[in-house]
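K.L.:
for reference, the sequence and a predicted model appear below.
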Number of protein chains: 2
Amino acid sequence: MIEINRLDTRDAGFDAALGRLLDRAPEQDGAVLAAVEKIVADVRARGDDAVLELTNRFDRRSAASIAELEIGKDRLRQGWEALPADLRAALEEAAARIRAYAEHQRIAPFEYTDAHGNRMGQMVTPLDRAGLYVPGGKAAYPSSVLMNAIPAKVAGVGEVIMVVPAPGGELNDAVLGAAHLAGVDRVFTVGGAQAVAALAYGTATIPAMDKIVGPGNAYVAAAKRIVFGQVGIDSIAGPSEIVVIGDGLTDPRWIAMDLFSQAEHGEDSEAILISPDRDYLDRVAQAMEERVKELPREKIVRSSIRDRGALIAVRDLAEAAAVSNRIAPEHLELSVAEPRELLKKIRHAGAVFLGRHAPESFGDYCAGPNHVLPTSRAARFSNPLGVYEFQKRSSLIDCTPEGAKPLARIAGRIADAEGLQAHAQSARDRG
Amino acid sequence: MIEINRLDTRDAGFDAALGRLLDRAPEQDGAVLAAVEKIVADVRARGDDAVLELTNRFDRRSAASIAELEIGKDRLRQGWEALPADLRAALEEAAARIRAYAEHQRIAPFEYTDAHGNRMGQMVTPLDRAGLYVPGGKAAYPSSVLMNAIPAKVAGVGEVIMVVPAPGGELNDAVLGAAHLAGVDRVFTVGGAQAVAALAYGTATIPAMDKIVGPGNAYVAAAKRIVFGQVGIDSIAGPSEIVVIGDGLTDPRWIAMDLFSQAEHGEDSEAILISPDRDYLDRVAQAMEERVKELPREKIVRSSIRDRGALIAVRDLAEAAAVSNRIAPEHLELSVAEPRELLKKIRHAGAVFLGRHAPESFGDYCAGPNHVLPTSRAARFSNPLGVYEFQKRSSLIDCTPEGAKPLARIAGRIADAEGLQAHAQSARDRG
């Protein structure tokens, strides 16, 4: 049978064992951070020149100017047209579904009148400019382009600019085609910390963004942390995670493959099945051993499952939900007969897949909800990427001459208590 | 007349001059960062012991245990009861208005059925635990307690924990009373980076939070940046800012005091008046000279206004809006005859005060909208603090056996293109 961690909530050491399994928070890598700080400072100081040098060096390019690193809209369209017709159709259907979901996410403005006739409200406006970081090379995913760009477009962002490294000059038609489909405005083949720095501070050629979103490696993550505040960022993405809660009645072969769909992302991905049915855990382990052989990435999957995978036996589904809440997983499948009942007990999860017929990969590609989700327990406090990440709110305070009077009294009194006399006087001027 | 910067959009050097005025981004202070990294690591490693030692040292305390640093609910109530009746009434009215506004901000869940009978949705849940950082000592503001705690409570956060330093053991009844009024669950008199670290990682005594909000000094800001990701944080607060756009018909004495209400916060606060009426700019400068003498903080205000204040002459109100959008101010007063018309041109501002009778100080205390607002141009991409910061969304994907089939086809095709075979197979298992 496949090598995988086995845990049981009835074991005395369960809490500690789960803690060890989940404790993946990589120590901040000092060398990475130092290198990235230097790159960010360099791009900030020298702009285009620094971006060009670093790109030529790290991506083995020989561009003579940043302009050469920009991919025109014609090239995006060519990428699109180069794709097989059935792939284009699939991407179009996925894009339509992602857009339909995103349309529900717009932040609603509001306004109301208080007892004194003053109007209080909230105005909602889109960002002027958003930058999308898209990984290049082997991990070049058109789905990431759709998931990042479409919500920005639905929000009404003025200009959406994509950066994607092209190691050795290699471009991926599916990624360019997805940018075409999603309506990305400009694309630069720049990657790494230098791309993040360019988008944050702007250069002569690359405009400064208001927000930078999208996944990336340790260098990209470190750069996003450094520029945070100067621009908005979405989140610091960690390794991907799936938790499946199973009642034991879903085909074990399906669950095996659902777990693999996470494990195949890389050796630090986390795939966990929780069930009150111990026999079922064994049957899934058996199915995993059988099906892992179907996969070209068998080696990565075995390694990931051995180090980060787990089968967790629990007393009942309520306890399964409690364990899942502790993990606060990016993806959670409720592969049970009554998923809506179990959902009531779920407090933290990026996306929840209800029932036996909703595997995580639907969410990764085409169900509609975003596949950029909080990782590393961030589902305790943060959101899937969505339209709301590309909009912002402004408070509105609109007072009448009469309505201002009671507010002048309240504000004046509290400002007195805080020793802020100009605040108090400014309020009382309207009293 | 008062010393203040004078700019004019018709001057050739205007853009550069405005750039210099706004360029306040402090270089990251290496010494502060190094000190804070050490404190955070110490608290993470030694928990309560480190928090106790650091608090005794930095805040001149002599507590024997962390338990001694906790303020019980009785003490909060005593703080409340010690306040003058008219201050209690003012705080109660402010709290009611803050709550009424917050009630409008809850994130709406949604769910819909697609053409194949699948259900897609968004679930909304509150955070389990939120930590509020409240500055202590001289800058002890009950209004900050209300503004941070009430949205958390309206969101339904399970436990709201406040930290506030008590230098030399000194407690502020207004701050404790506000915590009582807002229903804060627990209070620890711990401050600085050690408080942020304790809330982020938890100690034996202080529980780990899911999110930390509230303003603080450079050490607190650096600590929030370090723990970001481990927990959610609201934002990195910079110096406060106000922009007033005036048409020249509001009493210059009022505008002078509105600008001072920002300037009195400190020498790096920014107060800017923009008007197409040059005479009016002079009259406001004259009024500033007269009224600054009313203020106990005259010296700070003069210094702030001299270094960071500005009177900007523009061609018309549309240009005033454009300059304001470039500044993306925390607070924006539209002190004009038709503020709703001008509002249509405003793209970036934390809070907008409409008309002559809505001074910023109403928003600071009692209008209802939050006074925790994006600073340092962050209004380009971020939000006022609100209920939505204490809630999070989970995507819901619920498929029927029949509805799964078209999704299996789309997901399978895109997964093939991305070379992710387990994703493809997991999807097709439901096809």
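P.N.:
Sure, I can see it.

K.L.:
CA atoms for contacts and neighbours, from now on please.
P.N.:
Noted.

K.L.:
need the three-state assignment for A:Leu311.
P.N.:
For A:Leu311, the assignment made with DSSP: H, G, I helix; E, B strand; the rest coil gives strand.

K.L.:
show me the contacts for it.
P.N.:
Contact analysis of A:Leu311 by Cα atoms under 8 Å, 6 or more residues apart in numbering or on different chains lists A:Ile4, A:Asn5, A:Arg6, A:Leu7, A:Ile272, A:Leu273, A:Ile274, A:Ser275, A:Leu281.

K.L.:
give me the number of residues near A:Ala415?
P.N.:
Using other Cα atoms under 10 Å in any protein chain shown, A:Ala415 is surrounded by 24 other residues.

K.L.:
next: A:Thr125.
P.N.:
Neighbour tally, A:Thr125, other Cα under 10 Å: 20.

K.L.:
tell me who's in contact with it.
P.N.:
A:Thr125 makes contacts with A:Gln391, A:Lys392, A:Arg393, B:Arg347, B:His348, as judged by Cα under 8 Å, 6+ apart.

K.L.:
in terms of helices and strands, where is the third one?
P.N.:
Right, A:Arg393. Using DSSP states H and E, A:Arg393 falls within strand A:391-398.

K.L.:
ok, residues contacting that strand?
P.N.:
Contact partners of strand A:391-398, identified using Cα under 8 Å, 6+ apart, comprise A:106-107, A:118-127, A:155, A:157, B:348-355, B:357-358, B:363, B:367, B:369-370, B:379-384.

K.L.:
narrow those to those in strands?
P.N.:
Counting by DSSP state E, the part of these found in strands is A:Arg119, A:Met120, A:Gly121, A:Gln122, A:Met123, A:Val124, A:Thr125, A:Pro126, B:Ala351, B:Val352, B:Phe353, B:Leu354.

K.L.:
if we can go back for a sec, list the strands paired with the strand holding A:Arg393, with their directions.
P.N.:
strand A:119-126 (antiparallel), strand B:351-354 (parallel) (DSSP bridges).

K.L.:
past it, which element shows up next along the chain?
P.N.:
Note on strand A:391-398: by DSSP H and E, the next helix or strand toward the C-terminus is helix A:404-418.

K.L.:
who wins on neighbours among the contacts of A:Leu311?
P.N.:
Among the contacts of A:Leu311, the one with the most neighbours (other Cα under 10 Å) is A:Ile274, at 29 neighbours.

K.L.:
could you say which helix or strand holds that one?
P.N.:
strand A:270-275.

K.L.:
hmm, that strand touching chain B?
P.N.:
No. Strand A:270-275 lies apart from chain B when judged by Cα under 8 Å from any Cα of the partner chain; the minimum separation is 12.9 Å.

K.L.:
just to revisit the earlier point, among the ones in strands among the contacts of strand A:391-398, which one lies nearest to B:Arg409?
P.N.:
Closest approach to B:Arg409 among the ones in strands among the contacts of strand A:391-398 (Cα to Cα): A:Pro126, at 34.3 Å.

K.L.:
now, the most widely separated pair of the contacts of A:Leu311?
P.N.:
Top of the distance list for the contacts of A:Leu311 (Cα to Cα): A:Ile4 and A:Ser275, 14.9 Å.

K.L.:
end to end, how far does stretch A:7-20 reach?
P.N.:
One end of stretch A:7-20 to the other measures 11 Å (Cα to Cα, to the nearest Å).

K.L.:
off-centre distance for that stretch?
P.N.:
Here the centre of stretch A:7-20 is set off from its chain's centre by 29 Å, with Cα atoms, centre = their mean, to the nearest Å.

K.L.:
how about that stretch against chain B, any contact?
P.N.:
No. Using Cα under 8 Å from any Cα, stretch A:7-20 stays clear of chain B, coming no nearer than 14.0 Å.

K.L.:
and that stretch, which residues are buried?
P.N.:
Of the residues in stretch A:7-20, A:Leu7, A:Asp8, A:Thr9, A:Ala17, A:Leu18 count as buried by neighbour count, 16 or more other Cα atoms under 10 Å in any protein chain shown.

K.L.:
what sits up against it?
P.N.:
A:Ala310, A:Leu311, A:Ile312, A:Ala313, A:Val314, A:Arg315.

K.L.:
pretty sure A:Ile272 sits against A:Ala313.
P.N.:
No. Using Cα atoms under 8 Å, A:Ile272 is not in contact with A:Ala313; the gap is 10.8 Å.

K.L.:
show me what from the stretch 51-200 of chain A comes close to chain B.
P.N.:
Neighbours of chain B within the stretch 51-200 of chain A, by Cα under 8 Å from any Cα: A:86-87, A:90-91, A:93-94, A:101, A:104, A:110, A:120-121, A:125, A:127-128, A:139-143, A:174.

K.L.:
which ones among these map onto strands?
P.N.:
Among those, the residues falling in strands (DSSP E) are A:Phe110, A:Met120, A:Gly121, A:Thr125.
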